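> Here's a sequence, model it:
(chains A and B)
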Amino acid sequence: MSKSPSSLPIEIKISTVVAISAILHSSDPIAIDAALKQMTGGVSDFFEDEFAVIDVGAIAAETPYIDWRALVDLLKKYRLNAVAVRGATPEMSEAIKARGLALDDGAGADRAREDVAAATAASAAVSIAPVAAPAPQPAPQSAPQPAQTVALPAMIVDTPVRAGQRVYARGCDLIITAAVNNGAEIIADGSIHVYAPMHGRALAGASGNAESRIFGLSLQPELVSIAGVYRTFDDGFPAELARQPAQIRLVGDRIDISSLTSHR
Amino acid sequence: MARIIVVTSGKGGVGKTTSSASFSTGLALRGHKTAVLDFDVGLRNLDLIMGCERRVVYDLVNVVNGEATLNQALIKDKHCDNLFILPASQTRDKDALSEDGIERVLNELIQMGFEYIICDSPAGIEHGALMALTFADEALIVTNPEVSSVRDSDRILGIIQAKSRRAQTGGEPVKEHLLITRYSPKRVENDEMLSYQDVQEILRIPLIGIIPESESVLHASNQGNPAIHFKGTDVAEAYEDVVARFLGEERPLRFTNYEKPGLLQRIFGTK
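Predicted coordinates for the structure are as follows:
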């Protein structure tokens, strides 16, 4: 490259972008619309204008005709920008190109990945490449949902949770660094961690995750529940574990309480 | 800069009105123009405790509805020139209090030059209590050292933190003060009652004072004279300490230690 970059009106470089795969198992737009609606839960910014590669590998053989315009519009409705189609039959390619979509046959992705690996300033891009350009092999494509590259961070609460108050950490863990008083309710879809005296009700795995646990430095709860299995403490919390670092988890269908500081 | 202070508790019968009466009297005696408002529509008793029940012509609901002016409704306290009382209605119900109406009344009081406006809240967490706390800058959380009072105080704290005007507009939070009333060091010693440290441990707000259990309170309400006027009694001194601390003075905590009566006292039966 003897020309200095600034003298060219346009430069072409290999770059990678993050895109999601929208893998179709049906060509019925109504069914796809309903599935997307359920997936996004009615939240308008579930997708944030990401690129989408429409993967029709599973249905291409039985469905020779796909209304590409309707499909692109449908994805647009959910804020997905379709840019390419993967897994299409050769007969579909005219219609696809006419819609302005690129054909992603996977081979180009391999080539791009090799070039990227060779490029000097590509260290960051290499790590993105597998996500952006999955090989034609089924394995990387098997992610059934659009890749969620960001897991929701835990909800952190620093102020006391008072009687009658309720905290719900949706889709994530709940971390509380101040007291949870009697009459308060703390709920999480994930695990619950309380780094202060805990007296109220704690419900972990609220959406059904039985692996969730409740961790506390000083547990004295009224009621605990994991994935719907609950236990109250009519005779008091087990004395040897009260106000000690402890963890509560589901063992089978039984609430198990164990110490965090010693082996039982 | 006028301050609106709500005296609330959640639990009934813990000493809100007793405390409102003495606290506002204490501020007025120190030279601050003070108004105390009764928000317990239908069950009013601030006027009884203040000894002005026979001078009630108009009340808070009349003012909110525009049926009377503040000047007509405010009653000047007979013991103290700086203190004015706005009684509650006896015959209407709590729905007569509207948020806009209360806001107007409070603003008008501020314009009249009142430095402190004490809102005596009814018990509970319903409309009357909500109206009393909505516009508060500070709160006295009156709590007896026993479990159900502490639980209810915790609840009302949560409500202040969620529903006050300051909370809803994202302003500086309401300044909370814990006022423990009916404290009996003897019963704490015997493990019959929570200690003030226990109460603080649960509620986690700064302690502004401890009012000891005392017969003086009953005498005071019977006479229609706020307890703080009974010079020399433990209750009067405790309320004076509260007013002093509120105004920024340091006062050591009193009336918290139980001293076992000496042998002679026990034989001859003095308390």
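> Please tell me I have it right and residue B:212 contacts residue B:255.
Yes. With contacts counted by CB atoms under 8 Å, residue B:212 reaches residue B:255, the gap being 4.1 Å. To be clear about C-beta, it is placed using only N, CA and C from the backbone, and glycine gets the same treatment.
> I'd like to know the beta-bridge partner residues of the residue nearest to residue A:101 when sequence neighbours are not counted.
Spatial nearest neighbour of residue A:101, excluding adjacent residues (CB to CB, 6 or more residues apart in numbering or on different chains): residue A:85 at 5.2 Å. Applying DSSP bridges to residue A:85 gives these bridge partners: residue A:54, residue A:103.
> how close does the nearest residue to residue B:115 once chain neighbours are set aside sit to residue B:83?
Nearest non-adjacent residue to residue B:115, counting by CB to CB, 6+ apart: residue B:32, 4.5 Å away. Separation of residue B:32 from residue B:83 (CB to CB, to the nearest Å): 9 Å.
> now swap in residue A:165 and tell me
Distance from residue A:165 to residue B:83, by CB to CB: 36 Å.
> So for the two, which sits in the more crowded spot?
Higher neighbour count among residue A:165 and residue B:83: residue B:83, with 26 against 23, using other CB atoms under 10 Å in any protein chain shown.
> Next up, the contacts around that one.
Taking CB atoms under 8 Å, 6 or more residues apart in numbering or on different chains, we find residue B:83 in contact with B:24-25, B:28, B:34-36, B:76-77.
> List buried residues within those.
B:24-25, B:28, B:34-36, B:77 (16 or more other CB atoms under 10 Å in any protein chain shown).
> list the contacts for residue 216?
With no chain named, the answer covers chain A. Counting by CB under 8 Å, 6+ apart, residue A:216 touches A:193-195, A:198, A:245-248.
> my question was about chain B
Counting by CB under 8 Å, 6+ apart, residue B:216 makes contact with B:227, B:230, B:233-236.
> Please apply the same query to residue B:11.
Each residue near residue B:11 by CB under 8 Å, 6+ apart is listed here: B:123, B:143-144, B:148-149, B:152-153.
> Among those residues, which are located in strands?
Secondary structure from DSSP state E places residue B:143 of these in strands.
> Restricted to buried residues, select the contacts of residue B:11 in ChimeraX.
Here is the ChimeraX selection string for the buried members of these, based on 16+ other CB under 10 Å:
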select /B:123,143,144,149,152,153
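> Could you find the closest non-adjacent residue to the residue in chain B that chain A sits nearest to?
Using CB to the nearest CB, the single residue of chain B nearest to chain A is residue B:158, 3.6 Å away. In this structure, residue B:158 finds its nearest non-sequential neighbour in residue A:162, 3.6 Å apart by CB to CB, 6+ apart.
> Same question for residue A:257.
Using CB to CB, 6+ apart, the closest residue to residue A:257 is residue A:248 (5.1 Å).
> related to what we said a few turns ago, of the contacts of residue A:216, keep whichever come out buried.
Here, 16+ other CB under 10 Å leaves A:193-195, A:198, A:246-248 buried among the contacts of residue A:216.
> now those residues in a markdown table, with secondary structure and pLDDT?
A markdown table is the format used below for these (DSSP: H, G, I helix; E, B strand; the rest coil; pLDDT from 0 to 100):
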| residue | secondary structure | pLDDT |
| --- | --- | --- |
| A:193 | strand | 97 |
| A:194 | strand | 97 |
| A:195 | strand | 97 |
| A:198 | strand | 95 |
| A:246 | strand | 95 |
| A:247 | strand | 95 |
| A:248 | strand | 96 |
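> Could you work out the most separated pair of those residues?
Spanning the widest gap among the buried ones among the contacts of residue A:216 are A:195 and A:248, at 15.1 Å by CB to CB.
> Pretty sure residue B:120 sits against residue B:40.
Yes. In this structure residue B:120 lies within contact range of residue B:40 using CB under 8 Å: 7.0 Å.
> in the chain, what spans have low per-residue confidence?
You didn't pick a chain, so chain A it is. Low-confidence segments of chain A, defined by pLDDT under 70: A:1-6, A:16, A:18, A:105-151, A:263-264.
> actually it's chain B I care about, not the one you picked
Residues of chain B meeting the criterion pLDDT under 70: B:94, B:269-271.
> again, 80 this time
Applying pLDDT under 80 to chain B flags the ranges B:91-95, B:258-271.
> Of all the strand elements in it, which one is longest?
Looking only at chain B and at elements set by DSSP E, the strand with the highest residue count is strand B:175-183.
> quick one, what contacts the nearest residue to residue B:157 once chain neighbours are set aside?
Setting aside the residues directly before and after it, residue B:157 is nearest to residue A:162 in space (CB to CB, 6+ apart), at 5.4 Å. Residues in contact with residue A:162 (CB under 8 Å, 6+ apart) are A:181, A:183-184, B:154-155, B:157-158, B:161.
> and the residue of chain A nearest chain B?
Nearest to chain B, among the residues of chain A, is residue A:162, at 3.6 Å (CB to the nearest CB).
> Any buried residues in the helix or strand where residue A:37 lies, and which?
Element membership for residue A:37 (DSSP states H and E) is helix A:29-40. By 16+ other CB under 10 Å, the buried positions in helix A:29-40 come out as A:32, A:36.
> got the contact list for it?
So helix A:29-40 is in contact with A:24, A:26, A:46-47, A:67, A:70-71, A:74, A:77-78, A:145, going by CB under 8 Å, 6+ apart.
> can you do 6 Å?
Contact with helix A:29-40 is made by A:46, A:70, A:74, A:78, as judged by CB atoms under 6 Å, 6 or more residues apart in numbering or on different chains.
> hang on, residue B:14 packs against residue B:142?
Yes. Assessed by CB atoms under 6 Å, residue B:14 is found in contact with residue B:142 at 5.1 Å.
> can you list residues touching both of those two?
Joint contacts of residue B:14 and residue B:142 (CB under 6 Å, 6+ apart) are residue B:181.
> Compare these two and say which is more crowded by neighbours.
More neighbours surround residue B:142 than the other of residue B:14 and residue B:142, with 29 against 25 (other CB under 10 Å).
> if I pick the nearest residue to that one once chain neighbours are set aside, what's in contact with it?
Closest residue to residue B:142 apart from its sequence neighbours, by CB to CB, 6+ apart: residue B:9 at 4.3 Å. For residue B:9, the contacting residues are B:16, B:142, B:153, by CB under 6 Å, 6+ apart.
> Can you list the residue ranges for helices in the chain?
If you meant another chain, say so; for now it's chain A. For chain A, applying DSSP state H gives helices covering A:29-40, A:68-77, A:93-98, A:107-118, A:123-132, A:138-141.
> oops, chain B please
Under DSSP H, chain B gives helices at B:16-29, B:46-50, B:60-64, B:70-73, B:99-111, B:127-134, B:147-163, B:165-168, B:185-189, B:196-203, B:216-223, B:234-246, B:263-268.
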